[in-house]
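Peer 1: just need the structure, nothing else, for what follows:
(chains A, B, C and D)
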4 protein chains.
Amino acid sequence: MARDKAAIVNRLRRIEGQVRGVSQMVSDERYCIDILHQVQAIKAALTRAESEILKDHAACCVSEAIASGDAAEQRTKFNELIDLFEKVKR
Amino acid sequence: MARDKAAIVNRLRRIEGQVRGVSQMVSDERYCIDILHQVQAIKAALTRAESEILKDHAACCVSEAIASGDAAEQRTKFNELIDLFEKVKR
Amino acid sequence: MARDKAAIVNRLRRIEGQVRGVSQMVSDERYCIDILHQVQAIKAALTRAESEILKDHAACCVSEAIASGDAAEQRTKFNELIDLFEKVKR
Amino acid sequence: MARDKAAIVNRLRRIEGQVRGVSQMVSDERYCIDILHQVQAIKAALTRAESEILKDHAACCVSEAIASGDAAEQRTKFNELIDLFEKVKR
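Peer 2: Here you go, the predicted structure:
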């Protein structure tokens, strides 16, 4: 995790602000359906953050595992991706 | 939105803290896969918050629409739920 | 369920054919990743079928519940939608 | 794709039967909500089939790419997984 670190941190800070905004909507007794649409927007923003983190992972850790020629390390990297895939798929 | 307001606000504050924790993990150059598992945990926590907000909606706004006997209001409430469903389903 | 019955049945027959196609791909030892993209396409097609069935539900059963002025019936219809929502959201 | 081919084909045949069952439910004008729960069950069954296909992929194609020591082939395999992940995540 190094390449686009600042961009990803900024993106996550905006998401943190969105979550704070939803807390405020609940405190202000805003309409539930509007709140639920905002929660959906946060989940979509988290999904975009995941994509960037995953691209970073591919550009960095996965590339190193390939370059190393170390079969055990490569297997670990593949298995981690497949485990994560299983978790996301549910 | 009134019934369990404090509980929902607390839940959202914890989620805000989790997002801040993920920013820190990125700043600290923690391992991408660990970060991605943590992002999944946040999405799951948001899904549980949605359930509580939706239950509140049912207990409050939907109940009022039924009690009112106002067909137009009832139709609005149904359509909102179906629209939200479409958004979540994607 | 009545309005667009034929259209929905046709859509489901196409999906049935897509699932049969995937079985054939597995039998023919086609490349796993191609098979997995095809499974994703089937899930997306099922999601579109759900939308049509849900629209039919709104146009028919929900409308009747509103027209009836029967509060118990209306509550049942709302609770069914919220239960389904919980299931989809996971 | 070779290891558990028969098991995966059987699983997909059962899913094909489930889709046919849903067509029949629509033709028989069964209750929409019951139909929608059945569609959810099919999507969950497809998700389980994906897991098996993915495990097969790891045990076979990915293992070969690692054993080959061919960096270009390994990169292709990683990129395919990441592309698929992006598709599923949406």
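Peer 1: check contacts around the residue nearest the centre of chain A.
Peer 2: Nearest residue to the geometric centre of chain A (C-alpha atoms, centre = their mean): A:Glu50, 2.5 Å. Shown in contact with A:Glu50 (C-beta atoms under 8 Å, 6 or more residues apart in numbering or on different chains): B:36, B:39, D:89. To be clear about C-beta, it is placed using only N, CA and C from the backbone, and glycine gets the same treatment.
Peer 1: A:Ala6 too?
Peer 2: Going by C-beta under 8 Å, 6+ apart, A:Ala6 touches no other residue.
Peer 1: ditto for A:Ala65
Peer 2: Contact analysis of A:Ala65 by C-beta under 8 Å, 6+ apart lists A:73-74, A:76-77.
Peer 1: mind telling me what element the residue nearest to the centre of chain A is part of?
Peer 2: helix A:32-57 (DSSP states H and E).
Peer 1: low-confidence stretches in chain A?
Peer 2: For chain A, residues meeting the criterion pLDDT under 70 lie at A:1-3, A:90.
Peer 1: please indicate which of the contacts of A:Ala65 are buried?
Peer 2: A:74, A:77 (16 or more other C-beta atoms under 10 Å in any protein chain shown).
Peer 1: the contacts of A:Ala65 also near chain C: which ones?
Peer 2: With C-beta under 8 Å from any C-beta of the partner chain as the criterion, those include none near chain C.
Peer 1: what is the nearest of the contacts of A:Ala65 to chain D?
Peer 2: A:Gln74 (4.9 Å; C-beta to the nearest C-beta).
Peer 1: and the helix or strand hosting that closest one, how far from the chain's centre?
Peer 2: Element membership for A:Gln74, per DSSP H and E: helix A:71-89. In terms of C-alpha atoms, centre = their mean, to the nearest Å, the centre of helix A:71-89 is set 16 Å apart from its chain centre.
Peer 1: stretch A:42-56 too?
Peer 2: 4 Å.
Peer 1: ditto for stretch A:5-18
Peer 2: Put simply, stretch A:5-18 sits 10 Å off its chain's centre (C-alpha atoms, centre = their mean).
Peer 1: so which bits of it are buried?
Peer 2: A:8, A:11-12, A:15-16, A:18.
Peer 1: next: stretch A:19-26.
Peer 2: Going by neighbour count (16+ other C-beta under 10 Å), the buried part of stretch A:19-26 is A:19, A:21-23, A:25-26.
Peer 1: near chain D, which residues of chain A are found?
Peer 2: A:47, A:50-51, A:54-55, A:58, A:62, A:66-67, A:69, A:71, A:74-75, A:77-79, A:81-82, A:84-86, A:88-90.
Peer 1: out of the residues you listed, which are buried?
Peer 2: Buried residues within the residues of chain A next to chain D, counting neighbours by 16+ other C-beta under 10 Å: A:50, A:54-55, A:58, A:62, A:66, A:74, A:77-78, A:81-82, A:84-85, A:88.
Peer 1: how about those residues in CSV, adding distance to B:Lys43?
Peer 2: Below are these laid out as CSV (distance: C-beta to C-beta, whole Å):
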residue, distance to B:Lys43
A:Glu50, 9
A:Leu54, 14
A:Lys55, 18
A:Ala58, 21
A:Val62, 23
A:Ile66, 29
A:Gln74, 29
A:Lys77, 23
A:Phe78, 24
A:Leu81, 18
A:Ile82, 19
A:Leu84, 13
A:Phe85, 15
A:Val88, 9
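Peer 1: which one of these is nearest C:Asp4?
Peer 2: C:Asp4 lies nearest to A:Val88 out of those, by C-beta to C-beta, at 33.0 Å.
Peer 1: please name the nearest non-neighbouring residue to the closest one.
Peer 2: Leaving out its chain neighbours, the residue that sits closest to A:Val88 by C-beta to C-beta, 6 or more residues apart in numbering or on different chains is D:Lys89, at 5.7 Å.
Peer 1: ok, now which ones touch the one you found?
Peer 2: Residues counted as contacts of D:Lys89 (C-beta under 8 Å, 6+ apart) are A:47, A:50-51, A:88.
Peer 1: gap between it and D:Ala67?
Peer 2: According to C-beta to C-beta, to the nearest Å, D:Lys89 and D:Ala67 sit 29 Å apart.
Peer 1: and the gap between A:Asp83 and D:Leu81?
Peer 2: On the measure of C-beta to C-beta, A:Asp83 and D:Leu81 end up 11 Å apart.
Peer 1: A:Leu12 too?
Peer 2: Distance of A:Leu12 to D:Leu81, given as C-beta to C-beta: 24 Å.
Peer 1: same check on A:Ile82?
Peer 2: Distance, A:Ile82 to D:Leu81, by C-beta to C-beta: 7 Å.
Peer 1: how about A:Ala71?
Peer 2: 17 Å.
Peer 1: ok, now A:Glu86?
Peer 2: A:Glu86 is 12 Å from D:Leu81, where distance means C-beta to C-beta.
Peer 1: any residues in contact with both of the two?
Peer 2: Common neighbours of A:Glu86 and D:Leu81 (C-beta under 8 Å, 6+ apart) do not exist.
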